[in-house]
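# pasting the sequence and the predicted model now:
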Amino acid sequence: MGRARKVRDAREAAITGEAGSGVPVPAQSVNDPSRPAEQRPARTPDLWAAALPLLLGAINHRKEPDVSDVTTPGATFSRLSDAADVMLQAAQTFDPEQMSEFQTLIEDLPDAMRTVQETIRVLAELSDEKLPVNRKVVEEIGESYRAMNRVVEALEEVPAVYKRVHADDIERVDNPRNGVEAERKWNV
């Protein structure tokens, strides 16, 4: 079993609760401002300075504009685009050692886009329920949410296509002839 598969299996076991106690579920260690400081993950000030928790509506004592700084138009959107930039950078720097890592990545694409879709849904609900936004704007955001369904559906097909067209390659990885070292001699 490849390294990426082991990581994926461990993550899924943690999510489903099959990993046993003491194994954190992914996203339990995110920076939650309501969690006591001693339970928060350790952070390096330089690396995490931009990601410190912010209280909405609180006075901004930091030098940089952020989501709680109501005098900075577009700050919220720049924060969302910053998150998207992280995804883009991950894709641009992705250099798998083995193709099983690529397979894991494409299997995760639908989930990544569902998260983006969920972000759009949350913004639509927020706009509709709590912000003084014209109904047409809310409807347009909702249309974007519905359009993401097509993106997710298309991405759900990618792993199946990958497995079908690379079936021989995957078989060699799963069942190498005369062992892994012997199979590596086919360095193509």
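Yep, that arrived.
# what's the local residue count around residue 13?
14 (other CB atoms under 10 Å). (Each C-beta comes from the backbone N, C-alpha and C, glycine too.)
# quick one: buried residues of stretch 140-156?
141-142, 145, 148, 152, 155 (16 or more other CB atoms under 10 Å).
# my bad, should have said stretch 109-127
Within stretch 109-127, the residues scored as buried using 16+ other CB under 10 Å are 109-110, 113-114, 116-117, 120-121, 123-124, 127.
# tell me which of these fall in helices.
Using DSSP state H, the members of these that fall in helices are 109-110, 113-114, 116-117, 120-121, 123-124, 127.
# residue 82: which of the residues you listed is nearest?
Set against residue 82, the nearest of these by CB to CB is residue 116 (13.7 Å).
# my guess is the closest one meets residue 149, correct?
No. Residue 116 lies out of contact with residue 149 (CB atoms under 8 Å); the separation is 11.8 Å.
# returning to what we had before: pick the one among the ones in helices among the buried residues of stretch 109-127 closest to residue 162.
residue 109 (10.7 Å).
# pLDDT at that closest one, what is it?
At residue 109, the pLDDT value in this model is 95.
# wait, it touches residue 155, no?
Yes. Assessed by CB under 8 Å, residue 109 is found in contact with residue 155 at 4.5 Å.
# hang on, the earlier thing: may I see the ones in helices among the buried residues of stretch 109-127 organised as CSV, with distance to residue 8 added?
Shown next, in CSV, are those (distance: CB to CB, whole Å):
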residue, distance to residue 8
109, 14
110, 14
113, 18
114, 17
116, 21
117, 22
120, 26
121, 26
123, 30
124, 31
127, 36
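# go through these and name the one nearest residue 160.
residue 110 (11.3 Å).
# ok, now which ones touch that closest one?
Neighbouring residues of residue 110 by CB atoms under 8 Å, 6 or more residues apart in numbering: 152, 155-156.
# give me the subset of those lying in helices.
Those of the contacts of residue 110 lying in helices (DSSP H): 152, 155-156.
# any chance of those in TSV, with pLDDT and distance to residue 11 too?
Below are the ones in helices among the contacts of residue 110 laid out as TSV (pLDDT from 0 to 100; distance: CB to CB, whole Å):
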residue	pLDDT	distance to residue 11
152	96	20
155	96	19
156	96	19
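# out of those, which is nearest to residue 88?
When those are ranked by distance to residue 88 (CB to CB), residue 155 comes first, at 16.0 Å.
# separation between the closest one and residue 94?
Counting by CB to CB, to the nearest Å, the gap from residue 155 to residue 94 is 16 Å.
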